[in-house]
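Enquirer: Have a look at this prediction, sequence included:
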Amino acid sequence: MKILTADQTHQADQATIREEKITSEVLMERAATAFTDWLTARQSPAEAGEIMVLCGPGNNGGDGLVAARRLHERGYRVQVGLLPASKHSDDFTINRQRLPAAVPVTDLAAGLPSIQPNALVLDALFGTGLSRPLDGAAAAIVQQLNAAQARVIAIDIPSGLLADAPQPADSAVVRARHTVSFELPKLAFLLPQNAEYVGHWHLLPIGLSREFIEETDAAMHFVDATMLAGWLPERPKFAHKGTYGHALLLAGSHGKIGAAVLATKACLHSGAGLLTVRVPGIGYDILQISAPEAMTLTDPATDFITELPDLKPYSAIGIGPGLGKEKSTKDVLVKLLREAQAPLVIDADALNLLGENRELLAQLPADSILTPHPKEFERLTQPARDDYHRLELLRTFCQQYRCYTVLKGAYTCLGAPEGTLYFNSTGNAGMATGGSGDVLTGVITALRAQHLSPLHAAVLGVYAHGRAGDLAAQETGEAGLLAGDIVRFLGPAFREVTTRTEF
Ligand SMILES: NC(=O)C1=CN([C@@H]2O[C@H](COP(=O)(O)OP(=O)(O)OC[C@H]3O[C@@H](n4cnc5c(N)ncnc54)[C@H](OP(=O)(O)O)[C@@H]3O)[C@@H](O)[C@H]2O)[C@@H](O)CC1
Ligand SMILES: Nc1ncnc2c1ncn2[C@@H]1O[C@H](COP(=O)(O)OP(=O)(O)O)[C@@H](O)[C@H]1O
Ligand SMILES: [K+]
């Protein structure tokens with residue numbers, strides 16, 4: 001799915017209106033009716049109680065007025081609060097006139113009427129037409145609403161929040177429990193700093209022009225299963241292990257052989273034909289027993305890796321999980337960057353070594369995949385002012401070093417060398433547990449070994465890793481989920497995204 005800017009979303013609305021030869025008021029009716037259906041499917045009139053609909057002067061307020069009318073028609077108790085304004089949009093005005101007289105309307109000029117804790121409030125004050133931070137009466141209403149402890153549901157976007165840029169600290173923004181938006185996600189929904197405003201977000205289709213969306217260049221994508229169609233074909237009957245490449249993992253040090261084991265198992269469960277693992281001597285028995293399917297190539301040193309093995313046999317190389325940062329391990333990394341012909345996946349301590357020796361970044365082979373969490377990314381670049389700035393840094397970093405960077409998080413974001421960002425849609429907070437990242441390294445290394453392009457390996461790997469986490473959480477719950485559980489569900493996750501050739 002593409003992530004459009006507020007401006008592009010407005011253009012998509014206009015294109016739909018032109019194409020379907022409808023008026024904007026029909027599209028508003030469609031959007032707000034979809035919203036009403038969503039709400040009434042979740043709350044009966046009794047559960048909802050009296051619903052307060054707060055409406056601003058533009059089309060977001062218009063959506064609120066349509067929702068108020070529709071809810072009233074369906075037997076819900078509704079009252080409307082109108083923000084004072086010197087001008088209103090045409091569609092607001094049409095729907096103000098259509099509001100049944102039986103729906104009480106309050107002027108918000110005198111402030112927010114008293115709201116019972118837990119009352120249901122629909123926030124239709126401002127949507128994507130927000131052009132500046134809220135101040136004056138609007139800001140005061142938002143602050144009163146946030147203090148009221150109501151169950152707030154934002155229509156399209158929490159009022160005061162910009163769709164694709166940060167707003168100044170301390171500006172007034174509605175804190176919603178749910179945000180119900182239309183057709184495509186907004187960047188603001190995907191960033192941790194906005195979670196307290198957005199709450200749970202939902203998308204409702206409203207039939208925006210397919211053609212317009214397809215033709216619009218988007219700098220950002222939200223990765224769902226439909227995007228992955230054809231990326232992982234089913235295995236041909238006469239496939240053999242050579243078809244699926246030979247991966248090499250360099251991982252583990254004293255006390256962190258577990259990281260090597262997790263990456264190893266993940267790589268095996270992600271379809272690599274063969275896997276060799278370079279571990280320090282101390283890892284030999286552990287690895288052979290826990291993953292007999294992998295070949296173990298022990299380093300001459302006992303506790304950490306000191307020598308790079310011959311690289312010729314391998315079609316992809318992953319380095320980092322549990323590696324440690326010993327001087328001789330750093331030398332191995334330096335040599336690897338110089339000598340590797342096969343594609344690289346670089347994680348964890350290998351990233352930290354790059355961060356401590358930034359001159360090495362210039363030696364990254366093109367199309368390498370780096371998998372930092374935000375702290376590791378900061379060590380490679382600089383502290384970010386906020387989540388938007390971090391994305392700018394990500395874009396610049398990938399362009400500068402011609403690499404793919406998987407910035408891990410709840411919505412993991414892959415940066416590609418030409419500057420496009422891909423946000424992942426799978427995964428859950430149960431995956432916030434030690435070793436989850438080591439699993440991801442194994443997954444992506446396996447996909448690179450199978451000759452997937454760096455873009456496909458990174459996007460598909462991150463998606464399947466998150467999906468495996470979601471399937472695992474169905475069995476274990478989030479608190480009980482271990483990184484090893486993600487590994488167990490990689491097979492089912494990959495099965496879901498494998499494209500079968502029918503007839
Ligand atoms: N287009 C369509 O067909 C569809 C659109 N849809 C809906 O429309 C929404 C977008 O509507 P919109 O463009 O009218 O903008 P909206 O967010 O209501 O606000 C604009 C008004 O607010 C004012 N204003 C701005 N900032 C302000 C501030 N800080 N403080 C005070 N005032 C401020 C601004 O004034 P101005 O900036 O011009 O001075 C203007 O009067 C979208 O989110 C979705 O809900 C759906 O129905 C689907 C079909
Ligand atoms: N709240 C969350 N929602 C979805 N995925 C998450 C969440 N928290 C962590 N993850 C995923 O778990 C992995 C954690 O990686 P990382 O921080 O490197 O862990 P470790 O170093 O312990 O292996 C990443 O892939 C990340 O996207
Ligand atoms: K809103």
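Expert: Thanks, I have it. Ligands and ions are numbered 1, 2, ... in the order given.

Enquirer: Flag the shaky bits of the stretch 51-200 of the chain, pLDDT-wise.
Expert: In the prediction, the stretch 51-200 of the chain carries no residues with pLDDT under 70.

Enquirer: quick check: domain ranges of the chain?
Expert: The chain is divided into the following domains under automatic domain parsing: 2-218, 227-231+321-499.

Enquirer: what's around G56, how many residues?
Expert: The local packing of G56 (other C-beta atoms under 10 Å) involves 28 other residues. C-betas here are computed from N, CA, C, even on glycine.

Enquirer: hmm, back to that, quick check: which of the domains of the chain is buried the most?
Expert: Of all the domains of the chain, domain 227-231+321-499 carries the top mean neighbour count, a mean of 20, counting by mean count of other C-beta atoms under 10 Å.

Enquirer: right, and the domains of the chain - which one's nearest ligand 3?
Expert: Nearest to ligand 3, of all the domains of the chain, is domain 2-218, at 4.3 Å by C-beta to the ion.

Enquirer: and that closest one, how far from the chain's centre?
Expert: Relative to the centre of its chain, domain 2-218 is centred 23 Å away, using C-alpha atoms, centre = their mean, to the nearest Å.

Enquirer: Quick one: end-to-end distance for it.
Expert: From its first residue to its last, domain 2-218 covers 6 Å (C-alpha to C-alpha, to the nearest Å).

Enquirer: Next: stretch 224-233.
Expert: Stretch 224-233 has an end-to-end distance of 17 Å (C-alpha to C-alpha).

Enquirer: could you dump the domains of the chain to CSV with distance to ligand 3?
Expert: Formatted as CSV, those follow (distance: least, C-beta to the ion, whole Å):
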stretch, distance to ligand 3
domain 2-218, 4
domain 227-231+321-499, 20
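
Enquirer: for the ones you listed, which one sits closest to ligand 1?
Expert: domain 2-218 (1.9 Å; C-beta to the nearest ligand atom).

Enquirer: Next, see if that closest one gets close to ligand 1.
Expert: Yes: on the criterion C-beta under 6 Å from any ligand atom, domain 2-218 is in touch with ligand 1 at 13, 24, 27-28, 31, 56-61, 63, 89, 126-134, 138, 155-156, 182.

Enquirer: low pLDDT regions in this protein?
Expert: Judged against pLDDT under 70, the chain has no low-scoring part.

Enquirer: For it, give the residue positioned nearest to ligand 2.
Expert: G437 (2.1 Å).

Enquirer: top helix in this structure by residue count?
Expert: Counting by DSSP state H, the longest helix found in the chain is helix 454-476.

Enquirer: Dump the C-alpha coordinates for the following helix or strand past that one into PDB.
Expert: Counting by DSSP states H and E, the element after helix 454-476 in chain order, helix or strand, is helix 483-488. Taking C-alpha atoms only, helix 483-488 is exported to PDB below (Å, rounded to 0.1, in the frame of the first residue of the first chain):
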ATOM      1  CA  ALA A 483      12.600 -15.500  20.100                       C
ATOM      2  CA  GLY A 484      12.700 -19.300  19.600                       C
ATOM      3  CA  ASP A 485       8.900 -19.200  19.200                       C
ATOM      4  CA  ILE A 486       9.300 -16.900  16.200                       C
ATOM      5  CA  VAL A 487      11.600 -19.500  14.700                       C
ATOM      6  CA  ARG A 488       9.000 -22.200  15.100                       C
END
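
Enquirer: can you give me how far helix 483-488 is from the chain middle?
Expert: Mean-position distance between helix 483-488 and its chain equals 20 Å (C-alpha atoms, centre = their mean).

Enquirer: Likewise for stretch 420-433?
Expert: Stretch 420-433 sits 5 Å away from the centroid of its parent chain (C-alpha atoms, centre = their mean).

Enquirer: The most centrally placed residue in the chain sits in which helix or strand?
Expert: Residue closest to the average C-alpha location in the chain (C-alpha atoms, centre = their mean): Y411, at 2.3 Å. Following DSSP H and E, there is no helix or strand that holds Y411.

Enquirer: contacting residues around it?
Expert: With contact set as C-beta atoms under 8 Å, 6 or more residues apart in numbering, Y411 has these partners: L190, L191, F423, N424, S425.

Enquirer: Strands of the stretch 151-300 of the chain, residue ranges please.
Expert: 151-155, 178-182, 200-204, 220-223, 232-233, 246-250, 274-279, 295-298 (DSSP state E, counting those that start in this stretch).

Enquirer: Adding distance to T306 as columns, could you present these in JSON lines?
Expert: Shown next, in JSON lines, are the strands of the stretch 151-300 of the chain (distance: least, C-beta to C-beta, whole Å):
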{"stretch": "strand 151-155", "distance to T306": "56"}
{"stretch": "strand 178-182", "distance to T306": "52"}
{"stretch": "strand 200-204", "distance to T306": "49"}
{"stretch": "strand 220-223", "distance to T306": "39"}
{"stretch": "strand 232-233", "distance to T306": "37"}
{"stretch": "strand 246-250", "distance to T306": "11"}
{"stretch": "strand 274-279", "distance to T306": "10"}
{"stretch": "strand 295-298", "distance to T306": "11"}
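
Enquirer: What parts of the protein come near ligand 2?
Expert: The chain comes close to ligand 2 at residues 373, 408-410, 412, 427-429, 431-432, 434-438, 440, 466, as judged by C-beta under 6 Å from any ligand atom.

Enquirer: Repeat the analysis, applying 8 Å as the threshold.
Expert: By C-beta under 8 Å from any ligand atom, the residues of the chain that approach ligand 2 are 259, 262, 321, 347-348, 371-373, 376, 406, 408-412, 424, 426-440, 462, 465-466, 469, 483.

Enquirer: Which members of those residues occur in strands, if any?
Expert: Among the residues of the chain next to ligand 2, the members falling in strands (DSSP state E) are V406, N424.
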